[in-house]
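# Model the structure of this input:
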Amino acid sequence: MPRTTQELYRRGQYWLAWDRKRDGSLRSPYLAIYWYDSARRRERSLSTRTSDPEAAKLVLDAHFAARERGQAVCPTCGQPRQGASGYLLADAIANYQLTVGSKRTSADAIRARLRHVLNYVASLPDVAVRVADIDEDWIEAFRTWAAKVPVIAPNGEARVRRPGTIEASVRALAAAINEAHRRGHVIAKAQFTALAPRDVSRSPVHRSDVAELARMLAYSIDKKRNKRCAPLHRFLIASIATAARPDAVLDLSTKPERRQWLSDRHVIRLNPEGRRQTKKHRATVKAPWQFAAWLDADAETKPGPFVPVGNVKHAWATMAKAIGLPGDGEAGTKLIRRSIAQLLRDRGVPGDELELLLGHRQMKATTDTYAPFKPEYLASATREIEAIIDEIEALVPGAFCRSDTGAAPNVIPMKGAKRV
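Numbering: from 1, shown residues only. Predicted coordinates for the structure are as follows:
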């Protein structure tokens, strides 16, 4: 028989309790997950590695969801069980986020997309929506509802939710339902089809020329704004130097353990050590010599995130308005990546180099390990980016640190700036 432990929380056959010795003292400072193993005829436990009850509950929830198997179909006869269609959509979403979504590099995006679905469910007369209820008509009603709910920007401005954003929620919902099917909670996979991004998203057509890039940098180093624009300035120069996606720029760090900045070869690994590559591949690129000076200075004095905040959208929006960038989704933070790509294409950079730089093409694993250290790797692209930086520097002296002049790095003080 199992010994008695004081339960703090339970999910199914698993419960949460302190791991105590017979005299009542704690055997471990961490809460443990307990269950009775009928095959071994004894109680078993697993440490949650936390002493916080709320955090331990989340660990138990994830443990339960990962091991729970549904009974939608009889394993003997293959027929649907009675009541198999009653699995709730909210449970499917919760279990998906616990077992799959929270482990993805895009966990925050998945959570936000599925939150829109849950908000729609909360707006319905009956919130007990079953997975079996979700069909094309239900999804179309969700699309209509979501289109009427505005997106509120950090500065308080409201804008219409774009079809591409809505469809991202539909794709996330399909993934949650398909995972529920894989685990045996529901009989069938998602009974609806998410629209392809090309069918719902309008790609921005505006591209910045060198003069407009220079105006962005001029705004960011304006002494009147002082420290307020320091993170934006760093975001701008890193984006121009690497043509990386905004999330990769914000993730760039000079910490040695992340192995992103290889100074001796001027190589930047946009994908840090230990992070799994996703469909949006993060490339390994060569650092323009002007940008290498910044990275070397950071690595020597204060290794850490190159952009010391987690988001520059508010600063970007203020800058965009101030210098007259087009609105209506034409000039978001990805504008620099698109603009550098266009400038390089116009300057004759070979298409294969451009694809490698942008992460649109990947090499074989062995080639990818050694190619970036060869002089010819992305040589044309890097040379043209250096030329673009020189042209910006000519228009806005001090926008980039020109180390060949012997001047000290034009680093705006970062005191007080923290990642959020």
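# residue ranges of the strands in the stretch 201-350 of the chain, please?
261-262, 267-269, 284-286 (DSSP state E, counting those that start in this stretch).
# Identify the residues contacting the spatially closest residue to residue 291 that is not a sequence neighbour.
Using CB to CB, 6 or more residues apart in numbering and skipping the chain neighbours, the partner closest in space to residue 291 is residue 241 (3.7 Å). The C-beta positions use only the backbone N, C-alpha and C, and glycine is treated the same way. Residues near residue 241 by CB atoms under 8 Å, 6 or more residues apart in numbering: 287, 288, 290, 291, 385, 389.
# Can you tell me which of the strands of the stretch 201-350 of the chain is nearest to residue 276?
Within these, the stretch nearest residue 276 is strand 267-269; the backing value is 13.7 Å (CB to CB).
# Can you spell out which helices and strands pack onto that closest one?
Strand 267-269 is packed against strand 261-262, strand 284-286, with contacts defined by 3 or more CB pairs under 8 Å, 6 or more residues apart in numbering; DSSP states H and E.
# most packed of the strands of the stretch 201-350 of the chain?
Across those, averaging neighbours per residue (mean count of other CB atoms under 10 Å) puts strand 284-286 on top, at a mean of 24.
# elements contacting it?
Applying 3+ CB pairs under 8 Å, 6+ apart, one finds that strand 284-286 makes contact with strand 267-269, helix 379-395.
# Which of those has the highest mean neighbour count?
Neighbour counts (mean count of other CB under 10 Å) averaged over each of the helices and strands packed on strand 284-286 peak at strand 267-269, with a mean of 21.
# Please tell me how far the residue nearest to residue 291 sits from residue 341.
The spacing between residue 241 and residue 341, counted by CB to CB, to the nearest Å, is 14 Å.
# now the helices and strands packed on strand 267-269 as a markdown table including mean pLDDT?
Below are the helices and strands packed on strand 267-269 laid out as a markdown table (pLDDT from 0 to 100):
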| stretch | mean pLDDT |
| --- | --- |
| strand 261-262 | 94 |
| strand 284-286 | 94 |
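# For residue 109, find the nearest of these.
The nearest among the helices and strands packed on strand 267-269, by CB to CB, is strand 284-286 at 23.7 Å.
# so how many other residues sit close to the nearest residue in space to residue 351 that is not next to it in sequence?
Once flanking residues are discounted, residue 351 sits nearest to residue 345: 7.9 Å by CB to CB, 6+ apart. By other CB atoms under 10 Å, 13 other residues sit near residue 345.
# Could you report the distance from residue 345 to residue 339?
Distance from residue 345 to residue 339, by CB to CB: 11 Å.
# same deal with residue 189?
Residue 189 is 41 Å from residue 339, by CB to CB.
# Over to residue 286?
19 Å.
# Tell me where the stretch 101-250 of the chain has helices.
Per DSSP state H, counting those that start in this stretch, the stretch 101-250 of the chain carries helices over the ranges 107-122, 136-147, 163-182, 197-200, 210-220, 230-242, 246-250.
# between those, which gets nearest to residue 315?
Per CB to CB, nearest to residue 315 of the helices of the stretch 101-250 of the chain: helix 230-242, 4.2 Å.
# Could you tell me how far that closest one lies from the centre of the chain?
In terms of CA atoms, centre = their mean, to the nearest Å, the centre of helix 230-242 is set 19 Å apart from its chain centre.
# could we number from 25 for the rest of this?
Okay, using 25 as the starting number, the last item reads as helix 254-266.
# send the alpha carbons of it over as CSV?
C-alpha atoms of helix 254-266 as CSV (Å, rounded to 0.1, in the frame of the first residue of the first chain):
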residue,chain,number,x,y,z
ALA,A,254,20.6,54.2,-27.3
PRO,A,255,18.9,50.8,-27.6
LEU,A,256,17.3,51.9,-30.9
HIS,A,257,20.7,53.0,-32.2
ARG,A,258,22.2,49.6,-31.4
PHE,A,259,19.2,47.9,-33.0
LEU,A,260,19.7,49.9,-36.1
ILE,A,261,23.4,49.3,-36.6
ALA,A,262,23.1,45.6,-35.8
SER,A,263,20.2,45.2,-38.3
ILE,A,264,22.1,47.0,-41.0
ALA,A,265,25.3,45.0,-40.4
THR,A,266,23.6,41.6,-40.3
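# what's the angle between that helix and helix 234-244?
Interaxial angle of helix 254-266 relative to helix 234-244 (axes from the mean of the first three to the mean of the last three CA atoms, to 10 degrees): 150 degrees.
# Could you give the average pLDDT over helix 254-266?
Averaged across helix 254-266, pLDDT comes to 94.
# between that helix and helix 403-419, how big is the angle?
140 degrees.
# Return the helix or strand in this protein with minimum mean pLDDT.
helix 389-394 (a mean of 61; mean pLDDT, DSSP states H and E).
# Hmm, residue 400 and residue 380 touching each other?
No - contact between residue 380 and residue 400 fails when scored by CB atoms under 8 Å: they sit 11.8 Å apart.
# who's more crowded, the two?
Taking neighbours as other CB under 10 Å, residue 380 and residue 400 compare with residue 380 leading, 23 against 8.
# quick one: secondary structure of the more buried one?
For residue 380, the assignment made with DSSP: H, G, I helix; E, B strand; the rest coil gives helix.
# Read off the pLDDT value for it.
On the pLDDT scale, residue 380 gets 93.
# repeat for residue 304
Per-residue confidence (pLDDT) for residue 304: 88.
# Kindly provide the distance from the closest residue to residue 215 other than its chain neighbours to residue 196.
The shortest distance from residue 215 to any non-neighbouring residue, by CB to CB, 6+ apart, is to residue 159 (5.0 Å). Separation of residue 159 from residue 196 (CB to CB): 17 Å.
# try residue 397
39 Å.
# which of these two has more neighbours?
Higher neighbour count among residue 397 and residue 196: residue 196, with 25 against 14, using other CB under 10 Å.
# so who does that one touch?
Residue 196 makes contact with 125, 134, 137, 138, 141, according to CB under 8 Å, 6+ apart.
# just curious, which of those is nearest to residue 272?
Of all these, residue 272 sits closest to residue 134, with 18.3 Å by CB to CB.
# how many neighbours does the closest one have?
23.
# What are the phi and psi values at the residue nearest to residue 31 when sequence neighbours are not counted?
Computed as CB to CB, 6+ apart, the closest residue to residue 31 that is not its neighbour in sequence is residue 39, at 4.5 Å. Torsion angles at residue 39 (phi, psi; degrees, to the nearest 10) stand at phi -140, psi 160.
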